[in-house]
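1. coordinates for the following, if possible.
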Amino acid sequence: MHTFSTPSFSFFREDRRLLNILTIVVITALFYAVGAMLRLVEELSLFWPLNGVMAGVFARYVWLNRLHYYAVCYLTMLGLDALTTEWGTASLVINLSNMVFIVIVAMCVLRDKKRPNAAPGPLNALKLFAYCMVGAFFCGLLGAAGSVSFNSLTFFPLVADWFGEQFSTGVLIVPCILTLTWPRSLPVLSLRQVMPLVALIASMVASVTIGGAGSLAFPLPALIWCAIRYSLPATCLLTFVTGATEVILVANSIIDIAVGSPLETPQMFSARLGIATMAVCPVIVSTSVAAINSLMNQVSLRADYDYLTRVYSRSGLYEALQKRPFTTGQHMTVMLLDIDYFKNINDNYGHECGDQVLAAFAEEVRQAVGEHSMVARMGGEEFAVVVTTTEPLKGVHLAESVRQRIESCPFHWRNQTLFITVSIGVAKGRIGQGQSTSLFNQLLADADEFLYRSKKGGRNRISSRELVVDEAVSQATP
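-> This next block holds a predicted model:
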């Protein structure tokens, strides 16, 4: 899939207090304006995104959880209310209720982040659902008390209205803010990848066309499809856009859930709760998919790679051999390497030092043989290298360069310098059609025999069939 690169940026900086304050003021004013534009005549806003946005912001950036940052947000709300409403002192209570939702949700999410056994993934959708419910409840009690003096509704209907709006908005927006990332690249989507989005748009059109309370659930299958196909941030964004659109369409009777009667507060309350419940489903699915994919990647990584040295494990090497396309006629060289007297390092310096030596040794070998070769830890201090070359003796020469590099490479451990050596057995053969794995097994057995010769011959040396023949010839020559 082709991509277009995009720059990355951050709205907040931990060491830039003035920038953070200015950004909070701008975001508060921006989403206050969005809510004000959707404000019902002589009533509260139909859709108030500010609280969900700020709760997500304070939960996402831990260093923003300071009293002065919360105060900046609160004072900005009061100032904007003074300019756009005639609520007077009631504004103090109403905006305090907004801050109650923001603080409760942000603190609950931050508490989860600090737990050592926190659930995997960027958010725990079920817990977030509960946090928004608790925040909306206390926000509704305080907000209803503050707005009852100028609103036509009595206290308990106002509590229901506040709770329904805050709860649905929080469930829609907070996951969006917590998972929002600026893409490093813009993908060019294929038709298959666009289909869930097309289905989502079609389901929204069907909701408007058919109407009725059941039409609110029409987008749910398409959203779950999006959750499976797209990333968690994209799913949260699409869920927010869908839910917010439905709230606005229902309020304006474009989606008519009460045919033949005007939209009343209890119906709006029910619609909001239904939309909020719908919204959490694809988020849970997407979170689960992300967690499963992460777990599968970890299991695959642990199976195919050695956790200490970051090279292939024995099974991972066989898997890589089966996947790599080999050219018939090339020469495969298998080296079997064993660190000389490695037990003495563990005995004299400890196993922690031994682990560091193994990791450093593997990295040196990997750099010496190049990225096109395969390096694996076969067990303990024994490693294998698989190299394909066009020249038959190139692999033998490469093994000698590895030996020399290890011999001249110092390893540092707690103000001490250690020098190690390596014994290497080398075997090579020509690759036939579809014979890579069987050839490797044969060469590995031969390399093991030549490794034994290297150890028996005094260590810090390489042994191969060619070198044995050359040595025999030289001894036979008078």
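
2. can you get me a residue count around M296?
-> For M296, the tally of surrounding residues (other Cβ atoms under 10 Å) stands at 10. Using the backbone N, CA and C atoms, a C-beta is placed for each residue, glycine as well.

3. how about I27, secondary structure?
-> helix (DSSP: H, G, I helix; E, B strand; the rest coil).

4. what sits against the residue nearest to S313 when sequence neighbours are not counted?
-> Leaving aside its sequence neighbours, S313 sits nearest to D306 (Cβ to Cβ, 6 or more residues apart in numbering; 4.9 Å). Contacts here follow Cβ atoms under 8 Å, 6 or more residues apart in numbering; on that basis D306 touches Y312, S313, G316, A362, A376, R377.

5. neighbours of R377, how many?
-> 25.

6. please apply the same query to V375.
-> If we define neighbours as other Cβ under 10 Å, then V375 has 26 of them.

7. ditto for P175
-> 31.

8. that older thread, and the residue nearest to S313, what are its phi and psi?
-> phi -80, psi 120 (degrees, to the nearest 10).

9. give me phi/psi at G370?
-> phi 90, psi 160.

10. how many neighbours does it have?
-> 10.

11. among the contacts of D306, which lie within helices?
-> G316, A362 (DSSP state H).

12. of the contacts of D306, closest to E14?
-> Nearest to E14, judged by Cβ to Cβ, of the contacts of D306 is A362 at 36.5 Å.

13. now for whatever helix or strand L128 lives in, which elements pack on it?
-> In the assignment (DSSP states H and E), L128 maps to helix 125-147. Under the contact definition 3 or more Cβ pairs under 8 Å, 6 or more residues apart in numbering; DSSP states H and E, helix 125-147 sits against helix 90-114, helix 155-179, helix 265-304.

14. what mean pLDDT would you report for the first one?
-> Think helix 90-114. The pLDDT scores in helix 90-114 average 91.

15. what's the angle from it to helix 155-179?
-> 40 degrees (axes from the mean of the first three to the mean of the last three Cα atoms, to 10 degrees).

16. would you mark the buried spots in helix 90-114?
-> 90-91, 93-109, 112 (16 or more other Cβ atoms under 10 Å).

17. packing partners for the helix or strand D355 falls within?
-> Using DSSP H and E, D355 falls within helix 351-369. Applying 3+ Cβ pairs under 8 Å, 6+ apart, one finds that helix 351-369 makes contact with strand 331-339, helix 342-349, strand 374-379, strand 382-389, helix 394-407, strand 410-413.

18. pull out the buried positions in the second one.
-> Using 16+ other Cβ under 10 Å as the test for burial, helix 342-349 gives F342, I345, Y349.

19. please apply the same query to the shortest one.
-> Neighbour-count burial for strand 410-413 flags F411, W413 (criterion: 16+ other Cβ under 10 Å).

20. partner strands of it and their direction?
-> strand 416-419 (antiparallel) (DSSP bridges).

21. tabulate the CA atom coordinates of the strand it pairs with in CSV.
-> Extracted C-alpha coordinates of strand 416-419, given in CSV (Å, rounded to 0.1, in the frame of the first residue of the first chain):
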residue,chain,number,x,y,z
GLN,A,416,36.7,-4.1,33.4
THR,A,417,37.6,-5.0,29.9
LEU,A,418,37.1,-8.6,28.7
PHE,A,419,38.5,-10.1,25.5
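
22. and the contacts of it?
-> Applying Cβ under 8 Å, 6+ apart, the external contacts of strand 416-419 come out as I345, Y349, C353, V357, E407, C409, P410, F411, H412.

23. if we use 7 Å, what do you get?
-> P410, F411 (Cβ atoms under 7 Å, 6 or more residues apart in numbering).

24. tell me which of the helices and strands packed on helix 125-147 sits most buried.
-> helix 155-179 (a mean of 24; mean count of other Cβ atoms under 10 Å).

25. what packs against that helix?
-> Judged by 3 or more Cβ pairs under 7 Å, 6 or more residues apart in numbering; DSSP states H and E, helix 155-179 is in contact with helix 50-60, helix 90-114, helix 125-147, helix 232-251, helix 265-304.

26. CSV please, covering these and showing distance to R461.
-> CSV is the format used below for those (distance: least, Cβ to Cβ, whole Å):
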stretch, distance to R461
helix 50-60, 58
helix 90-114, 55
helix 125-147, 60
helix 232-251, 54
helix 265-304, 31
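
27. out of the ones you listed, nearest to R17?
-> Taking Cβ to Cβ, helix 50-60 is the member of those nearest to R17, at 15.1 Å.

28. who are the packing partners of that closest one?
-> The contact analysis (3+ Cβ pairs under 7 Å, 6+ apart) places helix 50-60 against helix 17-37, helix 90-114, helix 155-179.

29. again, 10 Å this time
-> Helices and strands touching helix 50-60, as assessed by 3 or more Cβ pairs under 10 Å, 6 or more residues apart in numbering; DSSP states H and E, comprise helix 17-37, helix 67-84, helix 90-114, helix 125-147, helix 155-179.

30. I'd say R310 and R377 touch.
-> Yes: between R310 and R377 there is a contact at 9.4 Å, judged by Cβ atoms under 10 Å.

31. flag the shaky bits of the stretch 51-200 of the chain, pLDDT-wise.
-> 115-124, 183-189 (pLDDT under 70).

32. low-confidence ranges in the stretch 351-478 of the chain?
-> 434, 467-478.

33. how about a cut-off of 80?
-> 392, 433-436, 466-478 (pLDDT under 80).

34. off-centre distance for stretch 157-176?
-> 28 Å (Cα atoms, centre = their mean, to the nearest Å).
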